[in-house]
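Engineer: Task: produce atomic coordinates for the following.
(one chain, ligands or ions: 2)
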Amino acid sequence: MKVLVTDPIDDAGLDRLREAGYEVETNYEAAGDDLLEAVADANALIVRSGTDVNEAVFEAAEDLVIVGRAGIGVDNIDIEAATDHGVIVANAPEGNVRAAAEHTVAMAFAGARWIPQAHTRLKDGEWAKSDYLGYEVNNKTLGIIGLGRVGQEVAKRLDGLGMDLVVFDPYISEERAAQFGAELIDDLDDCLEASDFVTIHTPLLPETENMIGEEELALLEDGFLINCARGGIVDEAALADAVENGPMAGAALDVFAEEPLSADSPLLDVDEIVVTPHLGASTEAAQENVAVDTADQVVAALNDQPVLNALNAPSVDETAFPRIEPYLGLSETAGKIAAQLLGERISSVEVHYEGDIANEDVDLVTASALKGVFKPLEWQVNAVNAPRLAEERGIEVTESKTVQTEDFQSLVTVKVEDGDTSLTVSGTLFAGDDPRIVRIDGYRVDAIPYGHMLVARNKDKPGVIGLIGSVLGENDINIAGMFNARETIGGEALTVYNLDVDVPDEVLEELLADDRIIELKTITLNGQ
Ligand SMILES: NC(=O)C1=CN([C@@H]2O[C@H](COP(=O)(O)OP(=O)(O)OC[C@H]3O[C@@H](n4cnc5c(N)ncnc54)[C@H](O)[C@@H]3O)[C@@H](O)[C@H]2O)C=CC1
Ligand SMILES: O=C(O)C(=O)COP(=O)(O)O
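Structural biologist: Ligands and ions are numbered 1, 2, ... in the order given. Predicted coordinates for the structure are as follows:
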């Protein structure tokens with residue numbers, strides 16, 4: 001397994017990957033064709049904000065299972081394309097929050113007390129004491145745009161320094177804002193007008209792109225703007241103009257629409273604008289945290305374990321995972337068998353849970369069943385993209401549960417349907433981990449699902465099993481196991497065979513020539 005790392009991460013994360021037995025390739029210069037080449041045989045890719053993980057990367061990386069983002073923002077990763085290619089995207093949403101909040105506070109003071117400007121002049125030998133009259137944060141109003149993880153940490157710190165807090169965030173409640181001593185303001189313009197300092201902490205989304213332009217900046221009379229979230233949220237040319245020629249006192253920016261920031265940027269010409277090269281997460285502690293968290297997500301993904309911070313896969317509670325894990329394979333198998341037996345275009349899939357498993361969060365189990373249903377039809381399907389594939393194809397997916405069960409401790413039933421035809425396959429786990437198919441279309445069976453299988457529907461007449469056995473034998477097809485079930489004596493029967501090899505079409509035709517045999521279906525499992 002190869003893990004490609006294209007932005008610098010802390011050694012603690014690299015060591016963890018190596019300890020897990022992976023080949024770790026660090027290539028911090030990779031971009032364009034070099035990146036596509038490097039990623040071609042990678043099973044995992046780890047990035048920070050410096051790598052553009054676009055559609056072409058997913059096209060080039062056939063074996064990619066996960067993109068780990070050693071940090072928070074994922075605006076440099078095309079998550080839709082990742083989902084289409086069945087690749088998990090996971091970030092590390094906790095480890096650098098305090099670092100980003102502290103940098104924001106530092107930027108507030110750097111801007112308001114002219115620290116970088118005065119520092120530069122003193123280093124040049126100038127004692128420019130009388131040129132710098134600063135602004136105190138004490139008793140001023142701080143407007144926080146986006147009261148998420150970072151925004152909340154900033155609120156706590158600047159509240160402690162005597163600021164009044166107002167918040168604009170359409171997705172939180174008044175109570176939530178009040179917990180941080182902040183007043184929630186419904187309108188962005190009102191929030192900006194009420195603020196002396198404004199700090200941005202939203203992700204870059206279509207909705208937040210250019211959210212702060214010329215008109216909004218005009219409301220910041222004598223105000224300071226701090227952006228340690230993402231470039232692209234603030235119109236940079238308008239900001240340079242509002243500070244240089246307009247009403248604003250200053251600004252402090254850590255992030256830019258294009259990074260690295262071009263030497264031609266108008267922001268660099270304005271003395272009252274302080275800039276840092278995207279340093280918000282650059283502390284030792286934060287880098288160690290996010291590197292280790294991301295390495296852990298990669299190890300989990302490559303071991304089919306739950307990826308707790310996955311952004312495009314069903315989320316799973318770590319403590320509940322051991323209880324659902326054995327059912328992932330079972331439901332996938334039941335899905336594969338159901339789809340191959342129906343052999344038609346599928347218009348709906350229902351996954352029904354009975355018994356103990358019905359008490360669990362089964363999103364991931366249902367996703368695995370879908371993965372099984374689509375597997376024979378699709379080249380690369382997994383639990384990440386299966387729900388999306390179903391939706392795109394207009395395939396209705398339902399999930400149902402009953403805690404009561406008659407015969408089994410837990411039973412998973414996958415029902416596939418196409419118009420009038422439907423088919424159900426039920427599976428259980430014997431002794432907690434031994435998968436068995438126990439019902440096919442209402443027939444009670446006891447089949448071990450593996451390798452090549454043949455499911456025969458035949459009239460319940462003497463000699464049929466013998467006929468099938470001898471025709472398979474004549475064609476050198478060894479029967480490893482079989483189970484026969486029937487409706488009523490002399491009615492219809494269903495027999496499941498485990499075979500060492502697949503049954504060729506001509507052998508199926510030979511068998512179907514006998515009018516006691518109604519239908520034969522072959523099934524291939526375990527990737528054979
Ligand atoms: N400069 C740096 O090195 C770092 C930057 N960041 C950036 O900080 C930003 C925030 O990170 P977190 O707080 O962890 O994210 P979060 O997801 O915890 O919080 C984001 C908040 O923004 C709010 N929001 C979304 N759309 C909004 C809108 N249109 N108007 C107002 N509020 C809106 C959400 O409701 C949420 O409360 C991200 O862009 C992240 O990439 C994070 C860490 C380091
Ligand atoms: O975590 C984030 O969102 C950041 O912006 C940090 O970016 P970086 O990992 O330093 O490129």
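Engineer: Give me the helices and strands touching the least confident helix or strand in the chain by mean pLDDT, please.
Structural biologist: The weakest-scoring helix or strand in the chain, judged by mean pLDDT, DSSP states H and E, is helix 386-392 (a mean of 81). Counting contacts by 3 or more C-beta pairs under 8 Å, 6 or more residues apart in numbering; DSSP states H and E, helix 386-392 is packed against helix 363-374, strand 396-402. Every residue, glycine included, has its C-beta placed from N, CA and C.
Engineer: among those, which is nearest ligand 2?
Structural biologist: Nearest of the helices and strands packed on helix 386-392 to ligand 2, taken as C-beta to the nearest ligand atom: helix 363-374 at 26.6 Å.
Engineer: Off-centre distance for that closest one?
Structural biologist: Put simply, helix 363-374 sits 16 Å off its chain's centre (C-alpha atoms, centre = their mean, to the nearest Å).
Engineer: Okay, angle between it and strand 396-402 too, please.
Structural biologist: Going by axes from the mean of the first three to the mean of the last three C-alpha atoms, to 10 degrees, helix 363-374 is angled at 130 degrees with respect to strand 396-402.
Engineer: Quick check: residues of the stretch 51-200 of the chain near ligand 2?
Structural biologist: 71-73, 96 (C-beta under 6 Å from any ligand atom).
Engineer: And for the chain?
Structural biologist: Contact residues, the chain versus ligand 2 (C-beta under 6 Å from any ligand atom): 48-50, 71-73, 96, 278, 280-282.
Engineer: And these, which is closest to residue 24?
Structural biologist: Nearest to residue 24 out of the residues of the chain next to ligand 2 is residue 48 (C-beta to C-beta; 15.6 Å).
Engineer: Hmm, residue 68 and the closest one touching each other?
Structural biologist: No: at 10.1 Å, residue 48 does not count as touching residue 68 under the criterion of C-beta atoms under 8 Å.
Engineer: Name the residues of the chain found near ligand 1, please.
Structural biologist: Applying C-beta under 6 Å from any ligand atom, one finds that the chain approaches ligand 1 through 72-73, 93, 96-97, 100, 145-151, 168-172, 201-204, 207-208, 228-230, 254-255, 278, 280-281.
Engineer: Filter the residues you listed down to the ones in helices?
Structural biologist: Taking DSSP state H, the ones among the residues of the chain next to ligand 1 that sit in helices are 97, 100, 149-151.
Engineer: okay, now whichever residue of the stretch 101-250 of the chain sits closest to ligand 1: neighbour count?
Structural biologist: In the stretch 101-250 of the chain, the residue that lies nearest ligand 1 is residue 148 (1.6 Å; C-beta to the nearest ligand atom). A count of nearby residues for residue 148, using other C-beta atoms under 10 Å, gives 18.
Engineer: Which phi and psi values does it adopt?
Structural biologist: phi -90, psi -150 (degrees, to the nearest 10).
Engineer: Quick one: residues contacting the closest residue to it other than its chain neighbours.
Structural biologist: Among residues not flanking residue 148 along the chain, residue 201 sits closest, at 6.1 Å (C-beta to C-beta, 6 or more residues apart in numbering). Residues in contact with residue 201 (C-beta atoms under 8 Å, 6 or more residues apart in numbering) are 104, 144-148, 150-151, 154, 228-229.
Engineer: Return the member of the residues you listed nearest to residue 494.
Structural biologist: residue 148 (55.6 Å).
Engineer: distance of that closest one from ligand 2?
Structural biologist: Going from residue 148 to ligand 2 by C-beta to the nearest ligand atom, to the nearest Å gives 11 Å.
Engineer: can you check residue 132 too?
Structural biologist: Distance from residue 132 to ligand 2, by C-beta to the nearest ligand atom: 30 Å.
Engineer: and if you look at residue 457?
Structural biologist: Relative to ligand 2, residue 457 is positioned 58 Å away (C-beta to the nearest ligand atom).
Engineer: wait, isn't that residue in contact with residue 492?
Structural biologist: Yes: at 6.2 Å, residue 457 and residue 492 qualify as touching, with contact defined as C-beta under 8 Å.
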